[in-house]
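Student: Build me a model from this:
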Amino acid sequence: MLFIDNTLSLKKLCKELLKEPFLAIDTEFVREKTYYPKLCLIQVGYTHDAAIIDPLANGIDLTPFLKLLVNKNILKIFHSGRQDIEIFYHLTGKTPKPVFDTQIAASVCGFGNSISYDALVYAVTKIEVDKSIRLTDWSQRPLEQKQLEYALRDVTFLIPCYEYLQKYLKKHHREHWIDEETAALINEKCYQVDPDSAWQRIKHSGHNPQFLACLKALAAWRERRAIKYNVPKRSILKDEVLVAIASTNPETLGDLKFVRNMRSDIADGKLGVEIMDALATAKTQSEIRCLKKIDCERKIHIPGNAVALMEVLKLLLKIKCEQAGVVQSFVADEKDLKNIACGNDVKNRALEGWRYEIFGRDALAFKKGLASLCYDTAKKRIVINIKDDKNSTSA
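Tutor: Sure thing, here's the model as predicted:
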């Protein structure tokens, strides 16, 4: 194991890493007291060794390693890498490319949905990964040897997991099955903060356009303030307080004091003034009438004659995905199934590419009355019979 705590050593390491076909990468960070995660360690696994980089070391320049992350000749391997990629994006303005995420790949290799790193490692290598100190404060220095060894295990076993999954994908011709999810993972727009859309992530039951306008303005104000001072949003105001303010829509600072769960020191201080300014802005927005609760758009009415078909499609999806060793949500979600059942003429991922081969073709056959389910007692499995005008086939 190499421990890198200065720029010269990092440059030397990165020169060697340029020769590698892939790098297994993980990070340790803390973000309880900040808006952006504070990077505390970078672990790198490669063909014959592994290294830990200390980004908190005095004077260290991470540029040589950050350049490797966008080197198109080196594959970067993560497990559930969204938070790691988020960190690197905020450091560089770019996401690592190309990327292989073992959790995504495992979803189409028979390992179920969102398998944990330690569970995947055990399934592939039969080695149990000790996660007993995962909640350590990685920002503290010096780090103990056992902490470094623990951190290193997050990349040490990532390579055999990658090799197993890659071999499985190739053998079963599924390499392209994860393209869509991988592309979404490295899409830089996913990591760009838009304060004006922050309100859409707040749970509430309101539908009134004026309430939504106030909530949008308050959420955007809170997001910008959290970014400016690099503090957690909840440390400014919690979601439920924002909803309460938007619901009551106070006209004065005096009214603000009576909002549910509002602390008097906030209402009487600088934050109180900022809150009232945000509310004033909301009242002048021309888009108020256009605002609507986002989750209403997800509701698709199912006619009574399609309810039973919807249930059959759910069962069919479960059967086909179990047989193929693919997570159901990878193939179709409830919205996809509803659109099939209702005959909605919309773009539907379940009816395209490999998803059509796995599920979509049979789903349409059921809808047309050309398919049936039966239990094969010899094979001890459910069989799907698909028929046409000339013959009958089973899957």
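Student: So which elements touch the helix or strand hosting Gly272?
Tutor: Using DSSP states H and E, Gly272 sits within helix 270-283. Counting contacts by 3 or more Cβ pairs under 8 Å, 6 or more residues apart in numbering; DSSP states H and E, helix 270-283 packs against helix 209-229, helix 253-256. From N, CA and C alone the C-beta is placed, and that goes for glycine too.
Student: So which of those is nearest Ile302?
Tutor: With Cβ to Cβ as the criterion, Ile302 lies closest to helix 209-229 of the helices and strands packed on helix 270-283, at 26.8 Å.
Student: From the contact counts, what lies against that closest one?
Tutor: helix 239-248, helix 270-283.
Student: buried stuff in that helix?
Tutor: By neighbour count on 16 or more other Cβ atoms under 10 Å, the buried set for helix 209-229 is 209-226.
Student: Could you break the chain into its assigned domains?
Tutor: As recorded under automatic domain parsing, the domains making up the chain are 2-191, 195-294, 300-394.
Student: next one: the last one to chain centre, how far?
Tutor: So that's domain 300-394. 27 Å (Cα atoms, centre = their mean, to the nearest Å).
Student: Could you do the longest one as well?
Tutor: In this view, domain 2-191 has its centroid 15 Å away from the chain centroid, taken as Cα atoms, centre = their mean.
Student: Point out where the protein drops to low pLDDT.
Tutor: 285-301, 388-395 (pLDDT under 70).
Student: Mind jotting down where the strands sit in it?
Tutor: For the chain, the strands defined by DSSP state E occupy 2-4, 22-30, 38-45, 50-53, 75-78, 99-101, 371-376, 381-387, 392-394.
Student: As CSV, the ones you listed with mean neighbour count and distance to Phe111 would be great.
Tutor: Output for the strands of the chain, formatted as CSV (neighbours: other Cβ atoms under 10 Å; distance: least, Cβ to Cβ, whole Å):
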stretch, mean neighbour count, distance to Phe111
strand 2-4, 17, 31
strand 22-30, 22, 18
strand 38-45, 22, 20
strand 50-53, 22, 24
strand 75-78, 23, 16
strand 99-101, 22, 13
strand 371-376, 13, 26
strand 381-387, 15, 20
strand 392-394, 11, 27
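Student: so can I have TSV of the ones you listed showing distance to Leu309?
Tutor: What follows is the strands of the chain, written out as TSV (distance: least, Cβ to Cβ, whole Å):
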stretch	distance to Leu309
strand 2-4	59
strand 22-30	45
strand 38-45	49
strand 50-53	53
strand 75-78	39
strand 99-101	35
strand 371-376	11
strand 381-387	15
strand 392-394	21
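Student: Which one of the helices and strands packed on helix 270-283 lies nearest to Asp118?
Tutor: helix 209-229 (32.5 Å).
Student: Hey, what's the angle from that closest one to helix 270-283? Just curious.
Tutor: Counting by axes from the mean of the first three to the mean of the last three Cα atoms, to 10 degrees, helix 209-229 lies at 140 degrees to helix 270-283.
Student: Helix 209-229 to helix 239-248, inter-axis angle?
Tutor: Helix 209-229 runs at 140 degrees relative to helix 239-248, counting by the same axes, to 10 degrees.
Student: ok now do Asp61, which residues does it touch?
Tutor: The neighbourhood of Asp61, defined by Cβ atoms under 8 Å, 6 or more residues apart in numbering, consists of Thr7, Leu10.
Student: ok, 10 Å please
Tutor: Asn6, Thr7, Leu8, Leu10, Lys11, Pro55 (Cβ atoms under 10 Å, 6 or more residues apart in numbering).
Student: Please pick the buried ones from those residues.
Tutor: Buried, going by 16+ other Cβ under 10 Å: Leu10, Pro55, out of the contacts of Asp61.
Student: Which single one of the contacts of Asp61 is nearest to Asn261?
Tutor: Out of these, the member with the shortest distance to Asn261 (by Cβ to Cβ) is Pro55, at 38.0 Å.
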